[in-house]
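[1] Sequence and predicted structure are below.
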Amino acid sequence: MINLQDIPGVGDKMAQRLIKHFGNEEITVTAILDGDIASICEIEGISHRFAVSLVHEARAISKGKEVSEFLKTREARDIYEKVLEIIKGFAPSKYAREKLNIYLPYPSSQMQEIESVRQMTSEYTEIARKINFDPGFMEKLAEVRPLSLKYPRPKIRDRVLITANSQDFEYARQQFSDSFSVQLVELPDQLIDAISGYSHIICSHRSFLEMEFPSDVDPEFISDLRQAEEWQIIPENTISFFAHNLHTITASLEVVRTVKNAGYETFEHLGDIDPDRIEHILLNINETGSLRQGIDPEIDRLRLSIEHMDRCIQDAVKDATSRISRILEDRKLTLSGQDMVRAISGEIEIRDMLEREIYHSYMEVVRDTKKRIASELELDQKSIILLDSVFFTHITYPLEIDKSAVRSLRQQLEHKLERKTIEHIRKVARDLHQYIIPVRSMVKEVLDFQVGFAIGHFSCEYDLSMPVLIENTGIGFRGARNLFLSSSNTEITPIDYSVGDTSFSPEDNSESVVILSGVNSGGKTSLLDLIAQCTVLAHMGLPVPCLDMEIGPCEKMYYFAKSKGTLDAGAFESTLVEFSSVADPTDKIVLVDELESITEPGASARIIAGILEMLAEKQNSAAIFVSHLPELIMENTECNIRVDGIEAEGLDAELNLVVDRNPRYNYIARSTPELIVERLARRTEGNQKIFYEKLRNKFHDS
Ligand SMILES: Nc1ncnc2c1ncn2[C@@H]1O[C@H](COP(=O)(O)OP(=O)(O)OP(=O)(O)O)[C@@H](O)[C@H]1O
């Protein structure tokens, strides 16, 4: 087991953060070595890229090998990166894109790594084919992101937890004071101060049962503070985890359901995950952690009542005043002589007489107004009693209301709503609590599924096949298509070719070291790229762009691309130094494109011959050298080296080169300069034509 801080990029602080997240160093290192990018990314501030580099570095240390152990040259790494870039094009998310970076070509000595990817790839290719890239499924798959465990903890201003002794107080403060107030109440006369201003009071000790609470307070009691679960005291926290990750969780559930329904056991070990049940509970909440509308009719009613209360009362009072106005307009007061005398003598007030006259009609309007408000706000009996005190018992015109009574009514409704909401939230939190760990595992699995599915999708899209791994040295294939050409929409000629001892080798032609000669633009470099792609993919455990392929896995891959022009002395020397590494005894595949351009033809033919001899003598390596100097090279060696050729068959009616892109075994291909000259001679006129014809005749003379 390696130490966390041995991994480059992991300092003291980073190690602590990782250990805090995973629990201990051993679990952390195991997660990193397992490539558990999803869990590593759950830590705030750690990017996918950094997580991937941790995995690479840790694996390299644990195996005592460099990451690029198999890929020995810059061009070999380029091929790997370009192939990986194509696969990444199928990644449904940024996470999957990054995680694909942990797929590397492994040397044959790490066959178990190759085998495990091969097995996984076959499964995923089958799943991808079966699900057939259903757009709905693909959309859900793409919605899954690593879970965010860093979401704002809810601040609950109207809740207080009262504790009865300093130990409970300290414990509760540490646990809960981030979310709501915690108070110490050791004596009954401290109670009122501690709870005033809070509508939701939680008592954490039975001694509070004996204390007298104000009549409008309805405290909750929990018997054992330390035994209480999070969902009992801060259900909002549990809800927050699900709400904050709602999209990812619901999308993951859908992915799991679809894969299960398609008959695959990929997620079977997630036994605790019942997508229907979890989805049903999640229907209660929205992304902000609030209860969704339409879930609890009582809560909806209270929400609406509070929201519409002011407008409803305002409109009802306005209409009532108009109605009173109309009543007054129709009224006339006739005073009898006696009344006049009593009024003058002060025995009765004119005001009283007037009030008496309209009292019944006025009160009827007030009664109707209350009824209307009660009905529009759907008030229950308790609230209707409070509504009574909103209206005065004496006559006012225009109709006036008691604003403090309106406030009390509102407060009463708000308290009721809070109470109902917390009851509901607690129920949802209790139901969801048990799924926190299973859901975390599920999302991790679905994220890994994204990666596997991307590979499966790539395999289906390019119609790839799993290569057969053989004991012998060599690589051979049928119907192979260069992925880089496929991506550029060129119409591709499938290639059949074999180097070394494969069942595709022509009879008596199983040499593993060959020179590939041929026409300019015949496809020699494309064929080298194709062999490099197949070699890299096969050593990654991935399928290859061939109808069938056999490969003898090896330890290293060298790819030397064509150099641009003759090299100066320094560059020539460093190229030779690079090539010297080919001399070590390990089995390898060596691909070289036109090495002759490093120096003048005679010298380079000797150098190439020397390198080829060395490779051929070891008999454990496959090598393909593209060269325009096959005869010159062969003159310089006695070794058993095969020369194959890609030949141009001539010019077509449009004067384009007609090439057979499939190499011919044991065949030195004719070069094309004469065909190019021929084409120029036919396409030009006048002096130019004369010039090209002169050159063409030179070929014919020889
Ligand atoms: N199998 C194929 N199917 C279709 N087109 C191909 C195939 N192989 C190569 N080509 C086309 O031929 C072009 C030239 O190929 P490439 O560069 O591999 O030839 P080359 O023999 O290496 O040429 P040169 O000798 O000039 O370096 C490519 O760009 C590609 O468009």
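    Sure, I can see it. Numbers count the residues shown, from 1 in each chain.
[2] make it CA atoms for all contacts and neighbour counts henceforth
    OK.
[3] Pull the contacting residues for residue 151.
    240-241, 244 (Cα atoms under 8 Å, 6 or more residues apart in numbering).
[4] Pick the one among these closest to residue 265.
    Residue 265 lies nearest to residue 241 out of these, by Cα to Cα, at 27.6 Å.
[5] Once you drop chain neighbours, what's closest to the closest one?
    By the measure of Cα to Cα, 6 or more residues apart in numbering, the closest residue to residue 241 outside its immediate chain neighbours is residue 149, 7.0 Å from it.
[6] about what we covered before: now, the contacts of residue 151 that are in helices?
    Helix and strand membership here follows DSSP state H; of the contacts of residue 151, those in helices are 240-241, 244.
[7] returning to what we had before: quick check: the residue nearest to residue 241 touching residue 39?
    No - in this structure, residue 149 is not within contact of residue 39 by Cα atoms under 8 Å, at 10.3 Å.
[8] Of these two, which one has the most company?
    For residue 149 versus residue 39, the count of surrounding residues by other Cα atoms under 10 Å is larger for residue 39: 21 against 16.
[9] since we're on the closest residue in space to that one that isn't next to it in sequence, how many residues are nearby?
    Counting by Cα to Cα, 6+ apart, residue 39 lies nearest to residue 444, which is 7.2 Å off, once chain neighbours are set aside. In terms of burial, residue 444 registers 21 neighbours under the definition other Cα under 10 Å.
[10] Could you report the pLDDT at residue 444?
    Reading off the per-residue confidence, residue 444 sits at a pLDDT of 90.
[11] Residue 373 too?
    Residue 373 carries a pLDDT value of 96.
[12] ok, now residue 522?
    Residue 522 is assigned a predicted lDDT (pLDDT) of 87.
[13] Helix, strand or coil: sort out it for me.
    Classification of residue 522 by DSSP: H, G, I helix; E, B strand; the rest coil places it in coil.
[14] so how far is the helix-or-strand element of the chain with minimal mean pLDDT from its chain's centroid?
    For the chain, using mean pLDDT, DSSP states H and E, the weakest element among its helices and strands is helix 569-580, scoring a mean of 79. Taking Cα atoms, centre = their mean, to the nearest Å, the mean C-alpha location of helix 569-580 is offset from the chain mean by 45 Å.
[15] Give the other helices and strands that the next helix or strand after that helix contacts.
    Sequence-wise, the next helix or strand beyond helix 569-580 is strand 588-593, with elements assigned using DSSP states H and E. On a contact count with 3 or more Cα pairs under 8 Å, 6 or more residues apart in numbering; DSSP states H and E, strand 588-593 meets helix 524-540, strand 556-560, strand 622-626.
[16] would you turn these into CSV with distance to residue 91 and mean neighbour count?
    Written out in CSV, the entries for the helices and strands packed on strand 588-593 read as follows (distance: least, Cα to Cα, whole Å; neighbours: other Cα atoms under 10 Å):
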stretch, distance to residue 91, mean neighbour count
helix 524-540, 17, 24
strand 556-560, 27, 24
strand 622-626, 33, 25
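[17] which bits of the stretch 451-600 of the chain sit near the ligand?
    With the criterion set to Cα under 6 Å from any ligand atom, the stretch 451-600 of the chain comes near the ligand through 491-494, 519-526.
[18] what about 8 Å?
    If contact is defined as Cα under 8 Å from any ligand atom, the residues of the stretch 451-600 of the chain in contact with the ligand are 481-482, 485, 490-495, 518-528, 594.
[19] Pull out the buried members of those residues.
    Neighbour counting with 16 or more other Cα atoms under 10 Å marks 481-482, 494-495, 518-520, 522-528, 594 as buried within these.
[20] And those residues, which is closest to residue 502?
    Using Cα to Cα, residue 495 comes nearest to residue 502 of these, at 15.4 Å.
[21] Wait, the closest one touches residue 662, no?
    Yes - at 5.4 Å, residue 495 and residue 662 qualify as touching, with contact defined as Cα under 8 Å.
[22] can you tell me the helix or strand for residue 87?
    Using DSSP H and E, residue 87 maps to helix 74-88.
[23] Now do that helix against helix 524-540, angle only.
    Between the axis of helix 74-88 and that of helix 524-540 there is an angle of 70 degrees, by axes from the mean of the first three to the mean of the last three Cα atoms, to 10 degrees.
[24] Tell me what angle helix 74-88 forms with strand 588-593.
    Computed by the same axes, to 10 degrees, the angle between helix 74-88 and strand 588-593 is 100 degrees.
[25] Run a quick neighbour tally on the closest residue to residue 309 other than its chain neighbours.
    In space, and not counting its chain neighbours, residue 309 is closest to residue 377: 6.8 Å by Cα to Cα, 6+ apart. Other residues within reach of residue 377 by the criterion other Cα under 10 Å amount to 21.
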